[in-house]
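Colleague: Predicted model follows, preceded by the sequence.
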Amino acid sequence: MMLSRVANNIYWAARYIERAENTARLINVNSHLLLDLPRRIRLGWEPIIEILGNDALFYQRHDTADERQVIRFMVSEQANPGSIVNSLRQARENARTIRDIIPREAWEQINQNYLHAREHASSSLGRRKRDDFLRSIILGAQSVTGMLAGTMTHDEGYDFLRMGRNLERADMTTRIVDVRSASLLPEMSEDLSPFENIQWVSVLKSLTAYQMYRREMRIRVRRPDVLRFLLQERRFPRAFYHATCEVENCLQHLPHNEKPLKILTRLQKKVLSAKLEQLQQEELHGFVDVLQLDLARLHNEIRASYF
Amino acid sequence: MAIRWGSYKVKGLHDELIRVSGRPRPAARALCDYLRALKDKDIEEYRAAAETAIHVMGITFTVYSEEEGSIDRAWPFDIIPRIIDRSEWQQVEAGLRQRVQALNLFIDDLYHKQQIVRDEVFPEALLKDSKNFRPQCVGIDPPHGVWAHICGSDLVRDSDGTIYVLEDNLRVPSGVSYMLENRQIMKRVFPELFENYNILPVDDYPSQLYDMLASLAPRGIEQPEIVVLTPGIYNSAYFEHAYLAQQMGAELVEGSDLVVDKHNMVYMRTIEGLSQVDVIYRRIDDLFLDPEAFAPDSMLGVPGLMRAWKAGNVALANAPGAGVADDKVVYSYVPEIIRYYLNEEPLIDNVPTYRCFNKTERDYVIQNIAKLVVKPANESGGYGMLIGPQATQEERDKFVNLIRRDPRNYIAQPLLTLSTAPTLVGNRAEPRHLDLRPFILSGEKTYVTTGGLTRVALRKGSTVVNSSQGGGSKDTWIVDMESGQ
């Protein structure tokens, strides 16, 4: 028997941890993209704010989206509820109320993640130490995931944890794909095409997907194949489709799952039947939006059914 | 310098372990020999081992701060145990049973015929002024006629060796989880001592608590749904709420997890829908329990809970209204209450208590305030009291005014010299004052913990043992000397 409040707290603790990790990945991909692109077409940091749906909040507080301000906003700004530090703090506050459900070591790691991020956030502002900082955020989140996988009973509580993590991951993967689609002009001029592939490599790398892509696809890095890998691959754990399959698996263990499963199945069909190679930048951006809205719908249904 | 009992000074004190300098009491002899043989380095090691155990086991109490939110502090613990001989403990235990039985009869009477008031043993005026009498509870018949299911009574020992009851906590007494954890720490740190002593176990408490709560369940079913109702993570005793729920295998719930329907049934919200609740061990004060019946703006409670309780569909422990007997003026009547309901003499004495609402006694208190401890009727945790001998004239004058303005709300007692026990200060043992809080469970049957929670004032000369005010704790050993060491 699991209390709704407890299920809700586990679910959100997992979402916040995953959100912090993926925000770190998102900053990473953009940092690398900027280094790869020729100066005249650099779009800077503005797209990141838009992709996370934070532009209104950001421009209330800042005039221009320069690197320093955007990074500070995304890493540690108090007013941004989705900043890395705030996400980790909320993960901790959620985990605190379920300390009797999660193993002690996992609680300590979640606590430690927040304290570490808060203390070292300022080192992310300069480029030199940024990589180390972001990597430590990703590693901290992965440690929690590993501890929970290895030491928590795989009961209903664990199902809610996995659902939270994978819904957040699916959502963030679409956003990271979106960085790429937003950061280039729709019509790629001839002389820029050499950069095309380099940029997709950095997208893959930010999701730790480059090596796996290579093994799995056994072809050079090309846009349609990368999109197929990140959105439709069943076996890669950060791929959109994989994440939805995880959610499906969790839902199958839970009572009255008909409604959320129905939404999920429709969503899976949509992503698998998409002709990704035919989607131009504008259309890709639109398609990503559709997926994100469907995820929001799925979240609402889970909330209505269980919390 | 390691521990030298010859230089341990107990003059004018009653020490729990040492009779006169250099001479341990019989039950403490083996322990004292053991401690004397330790080198500084060993003591250091044991202390570190205890600290590690506390950290690893996650034994904390919560302090709230503006800046950081709630902070878990490590539990302050002294590694030298306090020892009580079993034969003495058996008398104390009998006294506690007697006391709690009488208190429950008293509460039940107050919410029914009030015979004790009609017979003029307990003054009607006191009842009228009582802050903890709940008119909403009149006429209710809780299972087994028991209102105070969990009672924590504070015992102290004066310098002549007499044990007194200092107060009875009948609302939501806390501390029992620390009693249990203290024993776990000691087993980890001093396993060899447990081989040499016949120490009675304490670990039985969670299952006794579960059985007691189950005996209150209204539905006659095999496995009633029992929950622990907590105000939440910011409460200072949250550790204990979570600990007891876990140990009993009960759900730990907050007010928002529970709902009362129009048939006056209580349910908890689970991922499978609503699930009926039979017994609530509530760790929320009466006034926050049900916004419908008490404080309308309480966010902690469950609307309709009182309806469900009155209808007999759910059991609450402790019952609402039990706090009427948890009042320092009522306390002064406990000996009369025992005689009235049980026709017996009290087996444990009260500390002599002056009631300020009585003019003669009030005049005595005001004249002798420099010698007395003055306490408000309804505070706990050592707050709002005056320790006459240690207070300034200004503070004493302030209390004289307070007493004159609201005599019903104050009692006074002579300042006892609480007994002491050796406590580590650096690598030496020094006497520190302490008390003892045993817990008494009443349902179908009565159960008294083996010993209880020993709280010790860590500051030299201090008698304030509360953990929020610089107190620590010790493991409490009830040892059986007769069946051999």
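Modeller: On my side now, so go ahead. Residues are numbered from 1 along each chain as shown, chains lettered A, B, ... in the order given.
Colleague: Within range of chain B, give me the residues from the stretch 201-307 of chain A.
Modeller: Proximity of the stretch 201-307 of chain A to chain B, by CB under 8 Å from any CB of the partner chain, involves residues A:254, A:255, A:256, A:306. Where you see a C-beta, it was placed from the backbone N, CA and C, and this is true even at glycine.
Colleague: looking at the residues you listed, which has the most residues close by?
Modeller: With neighbours taken as other CB atoms under 10 Å in any protein chain shown, the top of these is residue A:306, carrying 25 neighbours.
Colleague: what's near enough to touch the nearest residue to it once chain neighbours are set aside?
Modeller: Excluding the flanking residues, the one nearest residue A:306 by CB to CB, 6 or more residues apart in numbering or on different chains is residue B:271, at 4.5 Å. Residues counted as contacts of residue B:271 (CB atoms under 8 Å, 6 or more residues apart in numbering or on different chains) are A:2, A:3, A:4, A:7, A:156, A:160, A:254, A:255, A:306.
Colleague: Output the residues you listed as CSV; include the columns pLDDT.
Modeller: Formatted as CSV, those follow (pLDDT from 0 to 100):
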residue, pLDDT
A:2, 92
A:3, 94
A:4, 95
A:7, 96
A:156, 94
A:160, 97
A:254, 96
A:255, 94
A:306, 95
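Colleague: Please flag which of the residues of the stretch 201-307 of chain A next to chain B sit within helices.
Modeller: Residues of these located in helices (DSSP state H): residue A:306.
Colleague: ok, residue 128 - how many residues close by?
Modeller: Assuming you mean chain A. Under the neighbour criterion other CB under 10 Å, residue A:128 is assigned a count of 7.
Colleague: that's the other chain; I wanted chain B
Modeller: 10.
Colleague: Name the helix or strand for it, please.
Modeller: Counting by DSSP states H and E, the element that carries residue B:128 is helix B:124-129.
Colleague: buried sites along that helix?
Modeller: B:126, B:129 (16 or more other CB atoms under 10 Å in any protein chain shown).
Colleague: neighbouring contacts of that helix?
Modeller: B:110, B:114, B:117, B:133, B:329, B:330, B:357, B:408.
Colleague: wait, residue A:250 sits on residue A:155?
Modeller: No. Contact criterion CB atoms under 8 Å: residue A:250 and residue A:155 do not qualify, at 11.2 Å.
Colleague: Neighbour count for these two, which is higher?
Modeller: Using other CB under 10 Å as the criterion, residue A:250 and residue A:155 rank with residue A:250 on top: 23 against 11.
Colleague: residue contacts, the more buried one?
Modeller: Residue A:250 touches A:159, A:160, A:162, A:163, A:166, counting by CB under 8 Å, 6+ apart.
Colleague: What's the separation between it and chain B?
Modeller: Applying CB to the nearest CB, to the nearest Å, the value for residue A:250 to chain B is 12 Å.
Colleague: Do you know the pLDDT at that residue?
Modeller: For residue A:250, the pLDDT comes out at 97.
Colleague: So it belongs to a helix, correct?
Modeller: Yes. Assessed with DSSP: H, G, I helix; E, B strand; the rest coil, residue A:250 lies in a helix.
Colleague: mind checking which helix or strand the residue sitting nearest the centre point of chain B is in?
Modeller: For chain B, the residue whose C-alpha lies nearest the mean C-alpha position (CA atoms, centre = their mean) is residue B:152; its distance is 3.3 Å. Applying DSSP H and E as the criterion places residue B:152 in strand B:150-157.
Colleague: Give me the helices and strands touching that strand, please.
Modeller: The helices and strands touching strand B:150-157, judged by 3 or more CB pairs under 8 Å, 6 or more residues apart in numbering or on different chains; DSSP states H and E, are helix B:86-110, strand B:163-169, strand B:428-437, strand B:439-442.
Colleague: Tell me where the stretch 51-200 of chain A has helices.
Modeller: Ranges of helices in the stretch 51-200 of chain A, per DSSP state H, counting those that start in this stretch, are A:55-61, A:67-75, A:84-96, A:104-120, A:127-151, A:156-182, A:193-206.
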